[in-house]
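Novice: what follows is a predicted structure for the sequence shown.
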2 protein chains.
Amino acid sequence: MTEKASKNAKIDPWGSMKIEDYSKTIKEFGIEPFSTVIKKVPEPHKYMLRNIIYGHRDFGRVADAIAKKKKFVMLTGLMPSGKFHFGHKMIADQIIYYQKMGAEVYICVADIEAYTTRGMAVKELEKLAIEEYLLNYIALGLKPSRCHFYFQSKGNATYNALSKMVSRNVTFNELKAIYGKESLTPGKIVSALTQVADILYPQMEQGSCPTVVPVGTDQDPHIRLTRDIASRFKDFKFMPPASTYNKFMSGLQGGKMSSSKPESYIALTDSPEIGRKKVMRAITGGRDSLEEQKKKGGQPHKCAVYELYTYHLMDDNKELKSVYTDCVSGKLMCGECKKRCGDMMAEFLAKHREKRECARKDLGKFLKD
Amino acid sequence: MTEKASKNAKIDPWGSMKIEDYSKTIKEFGIEPFSTVIKKVPEPHKYMLRNIIYGHRDFGRVADAIAKKKKFVMLTGLMPSGKFHFGHKMIADQIIYYQKMGAEVYICVADIEAYTTRGMAVKELEKLAIEEYLLNYIALGLKPSRCHFYFQSKGNATYNALSKMVSRNVTFNELKAIYGKESLTPGKIVSALTQVADILYPQMEQGSCPTVVPVGTDQDPHIRLTRDIASRFKDFKFMPPASTYNKFMSGLQGGKMSSSKPESYIALTDSPEIGRKKVMRAITGGRDSLEEQKKKGGQPHKCAVYELYTYHLMDDNKELKSVYTDCVSGKLMCGECKKRCGDMMAEFLAKHREKRECARKDLGKFLKD
């Protein structure tokens, strides 16, 4: 998006981040814009309203299940790879939202995938998944009721049989489309088939029903594959899964937010002071001089601080809109804005630390088996 | 083997059946002749003495475990594909032998393999595996103690995780060597990895120990693959499995014995009268006329009746040798010989029918889970 366009986009403060890439994705892969379905959603999540969840496949039947209070499933996988940060929190927020909306929640730890495709050790992953992920999920609001938390390596016999039976209904060409012709390995095949089973298995427990898988765009090939395979099974009746697609947060220093670059993210276990410092060091959409900024206005679509507000720290749409307007009009300078964000971040982290300690006593309710 | 040679081979009446094919196998695939190890085996099975088990890999450590009464495992898989016949009985005989020799016996129903590579339905296979296979095994002498009978589709989580973790330690080229480059499919890959887990998993329950897998030559690629993979695991210490290789019985009408051709086999559930009739219709190594046979002698290496004696109906080596000698010397004519074999077969089937009915009450002891 050009600078000019961003200045004109005042009425849509959350539609302005690199939207052109996502529009391209929608066209290329046949993902539907989320705007086509949002009216059907009874209480849309802020990610939906702010176009952070920008696309979907077949979400209509999920929206319908929510509206009519019918059974539906939310499935997500996690591959523990380090500290749980605000990028990961996006998925946690969606899990908790769907649980509130009535979903049977399935959370799968992709330890088999981590082992076969990344060479990680299964035992270490278990600790990481519980300490870094589950504990934070609970602190953020996940409830044990209607929540199925499991490890790929520990699934029951039916789940495991399904993950193997899937292989009869898939071709090499489909798998090559996911992993690339050159880099396809037996380990990646097993990983892909296990993922398909993760997505379809809840329907073996719950019966045929809508399933939503909230993912980033990069996971779409798995969704397409699973949707195709679902319809090929003759032994079972699976409803093809629905999906939503969310944008990714940028790194605090620009570029990608990555678990392997601590300066790129704020972890939910970071101390309030570290969190505040990382905010103060983040890149913003500020101009070269105060004078220029007063004249041209700031660029929230390039600003890591504005992202933190939009994704995590400001639930109130009016408040967010006023930050946006003050920024692009040249009224709000980066120093002041960062300080406010740093305060909010420090407060969030301090509260979260307490919630996390409270959450520990509930771990057992999620790890029944 | 030429006709002349067979006449000279009187001292080795069980070494005469198509031995040249098996010698070739030994050379090509690096299988050791069983003769290199038989002296170490405390009580060799008649199949070993009669060169029906003609080759092995690494059997020395199994023989050693038998001799020293140390822990070892016998693993076999079965893919139910119809009536349980005398070809299948060969494997049952070996299972029961190893159980008597002190093995922990693992019998795996390859229902996942049948589903992914042959398009069979998992539920139907279960009935077939129990009614046609397990019941006959018990009737033939299998005991519930130290016997682990399980279905690939129902294995526990550790077994299933192993069958997926195997994928990290295998390359496409190795899998292509088993199934052929052109015909390799995702289903066949899953099948091969599951088989590797079948062979290695007992050591996860029993600890690292010798494992023997008695197979036909066609299964050797699976053995080689599993032996290679066993040594690559860093997470677990697996002893590479040993194997033995048995010859196959011919069909009663010549050619292959096949589940899809009822005239080629006698099923263990055939009535005594059907069994007798099938023997009487079997091809023999007889000559065109009685006169010629008296002059040249019969050809036991071409005779389905002689095979029945050697593999199943005559345990006494002296008795078998006298049949052989009388045949090749022209003293014993086919009519008389067939009648005797038919009587023995009818008697075997009548007794087996009774044993099979008794066996039913013990099924539950084998199907604990």
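Specialist: It's in.
Novice: I'd assumed residue A:38 was in contact with residue A:44.
Specialist: Yes. Between residue A:44 and residue A:38 there is a contact at 5.6 Å, judged by CB atoms under 8 Å. Heads up, the C-betas are built off the backbone N, CA and C, glycines and all.
Novice: quick one: the strands in the stretch 101-250 of chain A?
Specialist: A:104-109, A:147-151, A:211-216, A:242-246 (DSSP state E, counting those that start in this stretch).
Novice: what average pLDDT does the third one get?
Specialist: Meaning strand A:211-216. Throughout strand A:211-216, pLDDT has a mean value of 96.
Novice: how far away is residue A:42 from residue A:31?
Specialist: Between residue A:42 and residue A:31 the distance is 23 Å, computed by CB to CB, to the nearest Å.
Novice: among the two, which residue is more densely surrounded?
Specialist: In this view residue A:42 and residue A:31 are compared by other CB atoms under 10 Å in any protein chain shown, and residue A:31 has more residues nearby, 21 against 10.
Novice: got the phi/psi numbers for that one?
Specialist: phi -80, psi 140 (degrees, to the nearest 10).
Novice: contact partners for the closest residue to it other than its chain neighbours?
Specialist: Nearest residue to residue A:31, sequence neighbours excluded (CB to CB, 6 or more residues apart in numbering or on different chains): residue A:55, at 4.0 Å. By CB atoms under 8 Å, 6 or more residues apart in numbering or on different chains, the contact set of residue A:55 is A:22, A:25-26, A:31-34, A:217, A:244-245.
Novice: would CSV of those with distance to residue B:312 be doable?
Specialist: Shown next, in CSV, are the contacts of residue A:55 (distance: CB to CB, whole Å):
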residue, distance to residue B:312
A:22, 71
A:25, 67
A:26, 69
A:31, 64
A:32, 66
A:33, 71
A:34, 70
A:217, 64
A:244, 64
A:245, 64
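Novice: can you count the residues close to residue A:159?
Specialist: For residue A:159, using other CB under 10 Å, the count is 22.
Novice: do the same with residue A:142
Specialist: Counted with other CB under 10 Å, the neighbours of residue A:142 add up to 21.
Novice: equivalent analysis for residue A:364, please.
Specialist: 9.
Novice: re the thing from before, in the strand or helix carrying the residue nearest to residue A:31, which residues are buried?
Specialist: Using DSSP states H and E, residue A:55 falls within strand A:53-57. Residues A:53-57 are the ones in strand A:53-57 that count as buried (16 or more other CB atoms under 10 Å in any protein chain shown).
Novice: same question, stretch A:58-75
Specialist: By 16+ other CB under 10 Å, the buried positions in stretch A:58-75 come out as A:58-63, A:65-66, A:72-75.
Novice: any chance of those residues in TSV, plus distance to residue B:208 and pLDDT?
Specialist: As requested, the buried residues of stretch A:58-75 are arranged in TSV below (distance: CB to CB, whole Å; pLDDT from 0 to 100):
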residue	distance to residue B:208	pLDDT
A:58	50	97
A:59	51	98
A:60	55	98
A:61	51	97
A:62	49	98
A:63	55	98
A:65	51	98
A:66	53	98
A:72	47	98
A:73	42	98
A:74	43	98
A:75	38	98
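Novice: so which of those is the closest to chain B?
Specialist: Using CB to the nearest CB, residue A:75 comes nearest to chain B of those, at 18.9 Å.
Novice: look up which helix or strand the closest one falls in, please.
Specialist: Counting by DSSP H and E, residue A:75 is found in strand A:73-78.
Novice: with that, I have no additional questions.
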